[in-house]
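In: I'll drop the sequence and a predicted model, then ask my questions.
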Amino acid sequence: MRLHVRGRALPDEQRVEFWIVDGLLSADPADGTADADTIFDGGWILPGLVDAHCHVGIGPGGAVTAEQAVAQAEAERSAGVLLLRDAGSPIDTRPLDDRADLPRIIRAGRHLARPKRYIPGLPIDLDDESQLPDAVAEQARRGDGWVKLIGDWIDREVGDLAPLWSDGVLKAAIDAAHAHGARVTAHVFGEDALPGLITAGIDCIEHGTGITDDVIALMRAHGTALVPTLINIDNFPGIADSATRYPTYAAHMRALYASARPRIAAAREAGVPIYAGTDAGGGIAHGRIADEVAALTGVGMSPTEAVGAACWDARAWLGRPGLEHGAPADLLCYTADPRTGPAVLNRPDLVMLRGAVF
């Protein structure tokens, strides 16, 4: 039996009507056969939500089991997230692709870092930074079009955040990724690593709490995107409280937290493209994309813009279709307007993934 949905789409609020045929969306009335079952009519229809910074495969203790990774993906699906941009995972999640009931994952492979300069057990540690271009090329071949670098982390010898890579190595590494058809993103909390990453041609910055007016101008000039993970930035005071051995670092983290939202608001005002990511895995529970969307309204986004940053705009950025004829039938239906807040956005009335209803 064919399925049929009808409602209003965002952002233009136009009425749309689709039939689901072999797991795909059809806007052709010829597919409206007598056996089509209308399962939704009169509310709001969105493409599946996107978490643009998500870690299926990481839990509070580090790497998780395959069964736990499935549970994480199911939590995302329950919240309406049907497309995940993996931002680094220590386990191979490709077996999840064989599950038609789980969200699609765009992988970045393993984090790339220097020894003792990131969370133990998560990255591939490179003893010499000259290894970075080859390591990036390898992750580009293993991933789904993205590579993840650790741009800065605490250096215990200096007692503060510090860049991991020199500018020349970054340029060679990012060029290597681009030559393999992959984009590059980087974890960055502080200020010092950002100019080198952006001028080297990096495609995206994660967190970006250290952006300044000069860095915002660089991002605009280079077309660099930002995924701020605002609900994770709320953990900065706790990180600072646990770093009593490094008072300079602790003070820096508190200062970054205090200035983060005004800085990100300035980037948004300047036209830097911003997308919604939660940093789920580790310290953030899976299924919280609606909270991140709400946080984005706190940096100046309208409710429509904020939902778009986790939906149709994020899909376009990642090269994935939205609601259109011939696209995979990955959609959400809401009786109430999903722009009204997390209580609605986080609880779709109907979740459809690959044409199956959940």
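Out: Yes, it's here.

In: where does the residue lying closest to Gly201 once chain neighbours are set aside fall, phi/psi-wise?
Out: Among residues not flanking Gly201 along the chain, Ile174 sits closest, at 4.8 Å (Cβ to Cβ, 6 or more residues apart in numbering). No exception for glycine: its C-beta is placed from N, CA and C like everyone else's. Backbone torsions for Ile174, taken as degrees, to the nearest 10, come to phi -70, psi -40.

In: Ile174 and Val184 touch, don't they?
Out: Yes: counting by Cβ atoms under 8 Å, Val184 is a contact partner of Ile174 at 5.1 Å.

In: need the overlap of contacts for the two.
Out: Common neighbours of Ile174 and Val184 are listed as 136, 201-202 (criterion: Cβ atoms under 8 Å, 6 or more residues apart in numbering).

In: buried subset of those?
Out: 136, 201-202 (16 or more other Cβ atoms under 10 Å).

In: go through the chain and flag its longest helix.
Out: helix 247-270 (DSSP state H).

In: which elements pack onto it?
Out: strand 160-163, helix 213-222, helix 230-233, helix 236-241 (3 or more Cβ pairs under 8 Å, 6 or more residues apart in numbering; DSSP states H and E).

In: so for Gly7, which of the ones you listed sits nearest?
Out: Nearest to Gly7 among those is helix 230-233; the distance by Cβ to Cβ comes to 28.9 Å.

In: does anything pack onto that closest one? Which helices or strands?
Out: Where contact means 3+ Cβ pairs under 8 Å, 6+ apart, helix 230-233 is packed against helix 247-270, helix 289-297.

In: contacting residues around the longest one?
Out: Put plainly, it is helix 247-270. 154, 159-161, 189-190, 208-213, 216-217, 219-220, 226, 228, 230, 233-234, 236-237, 239-241, 243-244, 274, 298-301.

In: likewise the last one?
Out: Where contact means Cβ under 8 Å, 6+ apart, the residues beyond helix 289-297 that reach it are 49-51, 76, 79-81, 229-231, 274, 276-278, 303, 305-307, 309-310, 341-342, 345-346.

In: what's the first helix or strand after it?
Out: Using DSSP states H and E, the next helix or strand after helix 289-297 towards the C-terminus is helix 303-309.
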